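J.: Need a 3D model of the following:
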Amino acid sequence: MVSGDPQLVSADAQSRVQARRTVSRRSLLAAGALASVPALAGTASAVAAGPADGARAGLVTPVRPMPTTAADWQDIADVLGRTGNMARGTVYHTDYPRHDLHVVSRGVTISSGLALGSHVAFVRYADGSTMVMGDFAVAEAELQHVTRALQRHGLEQTAIHKHLLAQSPDMWWTHVHGHGDDPVELARGIRAAMDRTGTPPPRQHKPPKATGLDTEGIDAAMRAKGSHYDGVYKCVFARRETITDGGRVLPPGLGAISAFNFQSLGGGRAAVNGDFVMVAEEVQKVLRTLSRGGIEIVELHNHGLRDEPRLFFAHVWGVDDAVRLAKSLRTAVDHTNVTTFT
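T.: All right, here's what the predicted structure looks like:
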């Protein structure tokens, strides 16, 4: 009989033991995976790295921004060494115009308003945490110093790219992101990075000057009301969708805008520099339309790491009659899900 064969009995017993071990190991792995979900959910790294998938599956409720006032950000202003302004009741925004730089691209002297501005924005969230997002315009000789300062303070660079075609001296733009419970520490990181650049002290704000452009014609072509800003005429559009970053809702316009700056060259002509915000399905339509309209494409890339829906940005350049440029831009804007933003 089979049961009487010691070798067969031994082999059968070993097989049963191995099967039990396999089942036990699978059970432990499954239990460990389930246990890790609540354990990770409360950590900053998990919130930063993975909630977008959960949000898509309906498992995570995005954290919403809280209304604040300028007084709530006074300690941030003290660290940064300059006063910002409130936008839409939730965003504390600070500009860093690079008036110290003399940059020429395609024969055009670039003003700080056209393409040489840095900025940062702080937002408070319902869980008490703070997010900072920004974009720094830095000379090539400054870039690595800025990078090391950001890394020492735990701030992320989410993009390093160009806003302009051939330029002298060489310039780079780096997008910055940070999130934590101590907004002052975030501000210290921003200040440390800015101190590695030649960014000048803030100037006293002056009433905006007329640009010499046909702004009414630009508005009509763009079907949007623009505004004067730092010597240029600016038109801005924002995504209609709710955008999240790392499971946190971005206030309207933060990190999800198409912005176009017109700098007068005289005689109704302008240099235009700016970028389009798009989802994947819109990208090729926009690029083809821009090319047909005589607008040059500088970069196609992402500004964030964890945005949902995933956003793509195309930086653009053009020199022509300002109204003609505006018409070409608006034709491309019509391929995107945006609305006028002020």
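J.: so G217, which of the three states?
T.: helix (DSSP: H, G, I helix; E, B strand; the rest coil).
J.: number of nearby residues for it?
T.: When neighbours are defined as other C-beta atoms under 10 Å, G217 has 16 of them. Where C-beta positions appear, they are placed from N, C-alpha and C, glycine not excepted.
J.: Quick check: it touching L325?
T.: No. Applying C-beta atoms under 8 Å as the test, G217 and L325 come out as separate, 10.6 Å apart.
J.: got the buried residues for the one helix or strand G318 maps to?
T.: G318 belongs to strand 312-321 when assigned by DSSP states H and E. The neighbour-count check on strand 312-321 (16 or more other C-beta atoms under 10 Å) flags F312, F313, A314, H315, V316, W317, G318, V319, D320 as buried.
J.: Put together CSV for those residues, with pLDDT and distance to Y229 on each row.
T.: Formatted as CSV, the buried residues of strand 312-321 follow (pLDDT from 0 to 100; distance: C-beta to C-beta, whole Å):
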residue, pLDDT, distance to Y229
F312, 98, 25
F313, 98, 20
A314, 98, 21
H315, 98, 18
V316, 98, 18
W317, 98, 18
G318, 98, 19
V319, 98, 20
D320, 98, 21
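J.: Closest one to N85 out of these, please.
T.: Among these, F313 lies closest to N85 (C-beta to C-beta), at 24.0 Å.
J.: The spatially closest residue to the closest one that is not a sequence neighbour in helix, strand or coil?
T.: Using C-beta to C-beta, 6 or more residues apart in numbering and skipping the chain neighbours, the partner closest in space to F313 is D275 (4.9 Å). The three-state label for D275, taken from three-state DSSP, comes out as strand.
J.: Please report the distance of D275 from D72.
T.: 30 Å (C-beta to C-beta, to the nearest Å).
J.: Give me the more crowded residue out of these two.
T.: Legend: neighbour count by other C-beta under 10 Å for D275 and D72, higher for D275 (21 against 15).
J.: can you list the weak-confidence ranges in the chain?
T.: For the chain, applying pLDDT under 70 flags the ranges 1-59.
J.: one step back: sheet partners, orientation included, of the strand holding G318?
T.: For strand 312-321, the pairing partners within the sheet under DSSP bridges are strand 269-278 (antiparallel), strand 296-301 (antiparallel).
J.: quick one, helices of this structure?
T.: 6-41, 44-49, 51-56, 74-80, 112-115, 140-152, 183-194, 215-222, 280-292, 322-333 (DSSP state H).
J.: Which secondary structure elements does the fifth one sit against?
T.: The one in question is helix 112-115. strand 232-239, strand 257-266, strand 269-278 (3 or more C-beta pairs under 8 Å, 6 or more residues apart in numbering; DSSP states H and E).
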